[in-house]
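Visitor: Task: produce atomic coordinates for the following.
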Amino acid sequence: YRLAKKVLLADGLAVTFQAISGLGRGALSGGSAWLGALCYTLQLYFDFSGYSDMAIGMAKLFGFDFDANFEYPYRSASLTEFWRRWHVSLGRWFRDYVYIPLGGSRVSTAKCVRNLLIVWLLTGLWHGASLTFVVWGLYHGLLLLLEKYPLKNLLPRIPAPIRRVITFLCVLIGWVFFFSPDLATAFTYLSAMFGAGSRAFIDPTVKYYLASSWKLLAIGLIGCGPWVKELYARYVYPRRGLQIVFSAALLAALVLLCVPYMMNATYQSFLYAQF
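Guide: The predicted structure follows:
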């Protein structure tokens with residue numbers, strides 16, 4: 001299953017993202033830009049969580065147990081919750097070795113703001129010495145500060161499903177800085193997303209790419225939540241015989257699907273390996 005997350009979902013979504021991100025400024029409509037960003041958002045999750053899970057599984061073969069590095073982050077109802085669920089090991093390291101030694105949140109408001117901004121500046125730089133990563137880190141730092149102070153009393157009043165959508169969109173917009181080679185490209189892409197281009201928001205280009213990727217997007221949006229696991233635990237796991245047959249059949253099917261993709265030119269190296 002973890003290999004399938006990488007080979008079938010992440011690599012499949014990467015094809016659409018790369019095609020859209022390669023469009024010239026004049027050819028990028030708002031709909032295409034949002035579709036490309038959505039593909040990258042899901043691609044990064046399935047790529048990174050897939051090989052993290054595989055590494056955890058391989059370590060278990062040698063007697064080592066590690067906690068999951070991803071806990072369904074895209075179902076988060078706030079940015080604070082998202083960063084408790086995304087890349088858990090990195091978040092814990094910055095918390096234990098940077099944030100808490102600086103005083104954490106048990107200091108004055110001004111110092112807490114300083115501590116958070118330092119942590120997120122360093123988090124951005126950890127990914128690369130580029131202004132795009134610095135802006136990405138500070139973007140999340142500022143959003144977390146908004147949640148912690150001005151919006152602290154407002155957010156709990158908003159229904160959880162709406163907060164999940166808002167959080168997902170905030171994360172998606174942040175990934176634009178993450179995947180862009182420079183700030184000019186990032187702002188050009190964002191301007192297209194918010195309708196600053198000359199093309200219609202929904203144009204033939206977005207219809208073409210949506211027609212070829214909607215199935216992967218649907219599977220990805222369902223797969224990034226806990227629903228499949230919950231259904232398995234409820235209906236399959238309690239029945240030992242069904243569990244064995246179902247697991248064996250699923251494993252065989254996924255292997256048969258993954259091998260051809262791994263052998264042809266569409267297979268791509270792990271996206272997050274560069275970090």
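Visitor: Return stretch 149-165 as PDB; C-alpha atoms alone will do.
Guide: Extracted C-alpha coordinates of stretch 149-165, given in PDB (Å, rounded to 0.1, in the frame of the first residue of the first chain):
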ATOM      1  CA  TYR A 149      -3.700  35.400  19.100                       C
ATOM      2  CA  PRO A 150      -6.300  37.500  16.900                       C
ATOM      3  CA  LEU A 151      -8.300  34.400  15.900                       C
ATOM      4  CA  LYS A 152      -8.000  32.400  19.100                       C
ATOM      5  CA  ASN A 153     -11.700  33.000  20.200                       C
ATOM      6  CA  LEU A 154     -13.200  33.100  16.700                       C
ATOM      7  CA  LEU A 155     -11.900  29.800  15.300                       C
ATOM      8  CA  PRO A 156     -13.800  27.500  17.700                       C
ATOM      9  CA  ARG A 157     -17.100  29.000  16.600                       C
ATOM     10  CA  ILE A 158     -16.600  28.000  13.000                       C
ATOM     11  CA  PRO A 159     -17.900  24.500  12.100                       C
ATOM     12  CA  ALA A 160     -15.100  21.900  11.900                       C
ATOM     13  CA  PRO A 161     -15.800  21.000   8.200                       C
ATOM     14  CA  ILE A 162     -15.400  24.700   7.200                       C
ATOM     15  CA  ARG A 163     -12.200  25.000   9.300                       C
ATOM     16  CA  ARG A 164     -10.800  21.900   7.600                       C
ATOM     17  CA  VAL A 165     -11.500  23.400   4.100                       C
END
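Visitor: all helices in this structure, in order from the N-terminus.
Guide: In the chain, the helices defined using DSSP state H lie at 2-4, 11-21, 30-61, 79-85, 88-94, 109-127, 131-148, 160-179, 183-193, 204-223, 227-231, 240-263.
Visitor: Adding mean neighbour count, write those helices out as TSV.
Guide: For every residue, glycine as well, the C-beta is placed using N, CA and C. Converted to TSV, the helices of the chain look like this (neighbours: other C-beta atoms under 10 Å):
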stretch	mean neighbour count
helix 2-4	19
helix 11-21	21
helix 30-61	21
helix 79-85	18
helix 88-94	15
helix 109-127	17
helix 131-148	19
helix 160-179	17
helix 183-193	18
helix 204-223	16
helix 227-231	12
helix 240-263	12
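Visitor: Of all these, which one comes closest to Phe70?
Guide: Closest approach to Phe70 among those (C-beta to C-beta): helix 30-61, 4.1 Å.
Visitor: any weak-confidence spans in this protein?
Guide: By pLDDT under 70, the low-scoring segments of the chain are 197-198, 265-269, 272-275.
Visitor: So which residue is smack in the middle of it?
Guide: Nearest residue to the geometric centre of the chain (C-alpha atoms, centre = their mean): Tyr45, 3.9 Å.
Visitor: my guess is that residue meets Tyr72, correct?
Guide: No: contact status for Tyr45 versus Tyr72: not in contact, 9.6 Å apart, counting by C-beta atoms under 8 Å.
Visitor: Now for the two: what residues contact both?
Guide: Cys224 (C-beta atoms under 8 Å, 6 or more residues apart in numbering).
Visitor: so what's the residue of the chain positioned farthest from its centre up against?
Guide: Within the chain, Gly241 marks the point farthest from the mean C-alpha position, 35.3 Å out by C-alpha atoms, centre = their mean. Listed by C-beta under 8 Å, 6+ apart, the contact set of Gly241 is empty.
Visitor: quick one, what contacts the residue nearest to the centre of the chain?
Guide: By C-beta under 8 Å, 6+ apart, the contact list for Tyr45 reads Phe70, Pro73, Tyr74, Cys224.
Visitor: Leu116 now?
Guide: Tyr99, Gly141, Leu144, Leu145, Lys148.
Visitor: any chance of those residues in JSON lines, plus distance to Lys60?
Guide: Supplementary listing: the contacts of Leu116 in JSON lines, determined by distance: C-beta to C-beta, whole Å:
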{"residue": "Tyr99", "distance to Lys60": "30"}
{"residue": "Gly141", "distance to Lys60": "35"}
{"residue": "Leu144", "distance to Lys60": "33"}
{"residue": "Leu145", "distance to Lys60": "38"}
{"residue": "Lys148", "distance to Lys60": "37"}
